[in-house]
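J.: Provide a 3D model corresponding to the input given below.
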Amino acid sequence: MSPLAPAGCNHEGEVEYQRAFRAVKLANVRDVAVLLPKSYRTAAGKRYPVLYMHDGQNCFDPSTSFLGVDWQVDETVAALNERGTLQETIVVAVSNTSGRMREYADTPAGHDYMDFLAHDLKPFIDGKYRTLTDRDNTAVMGSSMGGLISFLCLIYHPEVFGKADCLSTTLSIGADLLFQKAEALKPASARARLYFDAGDELKNER
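T.: This next block holds a predicted model:
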């Protein structure tokens with residue numbers, strides 16, 4: 001595993017790369033990029049919440065991003081930290097693979113992907129970095145199909161993920177069925193925090 005950034009890639013902050021990360025249940029390996037808070041190297045003993053993001057190659061680097069434009073997650077996090085509106089957070093950006101459509105849905109592959117996040121990647125991140133490991137300090141975030149799988153992570157793994165940001169969420173299985181599933185599992189995720197949007201409707205719930 002290489003900690004080196006791609007040649008020519010300038011990050012706002014320190015990003016470490018874990019190359020070809022392998023999951024127990026998933027056939028495809030994938031790169032994982034970890035954005036460290038500005039104070040990480042100097043604040044000895046300080047622990048940080050963690051945000052897991054899907055479509056990780058879109059987060060920091062335009063050379064690997066879809067359509068050649070990255071989401072500028074590192075710049076946005078740095079700006080919010082400067083304003084004091086966001087707690088310093090470790091961002092774990094998980095690259096997608098050729099199995100993206102299956103892995104980001106309520107399918108057997110999707111459940112294997114969620115298990116990978118909860119039981120393979122999270123223990124690795126918690127072991128390597130100074131994290132706050134409880135569910136209230138563990139969030140998941142994605143766009144489109146990434147928004148859908150973020151919501152599903154909150155539904156199926158509320159013991160691991162306490163927050164989800166679901167942006168421009170693809171409702172490929174239908175909104176009614178999705179929210180029925182959420183309602184059925186509501187007692188297990190009653191303390192969860194959710195930001196959800198799709199189409200031209202905006203829903204911001206706690």
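
J.: any idea how far the helix or strand that contains Phe124 is from the chain center?
T.: Counting by DSSP states H and E, the element that carries Phe124 is helix 122-128. Counting by Cα atoms, centre = their mean, to the nearest Å, helix 122-128 is centred 14 Å from the centre of its parent chain.

J.: send the alpha carbons of that helix over as CSV?
T.: What follows is helix 122-128, C-alpha atoms only, in CSV (Å, rounded to 0.1, in the frame of the first residue of the first chain):
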residue,chain,number,x,y,z
LYS,A,122,-13.6,0.8,9.6
PRO,A,123,-11.5,-1.5,11.8
PHE,A,124,-8.5,-0.8,9.6
ILE,A,125,-9.0,2.9,9.8
ASP,A,126,-9.6,2.8,13.6
GLY,A,127,-6.5,0.7,14.0
LYS,A,128,-4.2,3.0,11.9
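
J.: which helices and strands sit right next to that helix?
T.: Judged by 3 or more Cβ pairs under 8 Å, 6 or more residues apart in numbering; DSSP states H and E, the packing partners of helix 122-128 are strand 50-53. Placement of C-beta: from N, CA and C, glycine included.

J.: hmm, try it at 10 Å
T.: Judged by 3 or more Cβ pairs under 10 Å, 6 or more residues apart in numbering; DSSP states H and E, the packing partners of helix 122-128 are strand 14-21, strand 30-36, strand 50-53, strand 90-94, strand 138-143.

J.: List of residues touching the helix or strand following the fourth one?
T.: Right, the one you point to is strand 90-94. Counting by DSSP H and E, the element after strand 90-94 in chain order, helix or strand, is helix 100-103. Applying Cβ atoms under 10 Å, 6 or more residues apart in numbering, the set of residues contacting helix 100-103 from outside is 26, 28, 30, 54-55, 96-97, 107-114, 116, 144-146, 149, 170, 172.

J.: repeat that with 6 Å
T.: Applying Cβ atoms under 6 Å, 6 or more residues apart in numbering, the external contacts of helix 100-103 come out as Ala109, Gly110, Tyr113.

J.: In a helix, the first one, correct?
T.: Yes: the assignment for Ala109 by DSSP: H, G, I helix; E, B strand; the rest coil puts it in a helix.

J.: in the protein, which ranges drop under the pLDDT threshold?
T.: Low-confidence segments of the chain (pLDDT under 70): 1-12, 172-175, 184-190, 199-206.

J.: what's the closest non-adjacent residue to Val92?
T.: Of all residues not flanking Val92 in the chain, Tyr52 sits nearest, at 4.9 Å (Cβ to Cβ, 6 or more residues apart in numbering).

J.: Kind regards, and thank you for your time.
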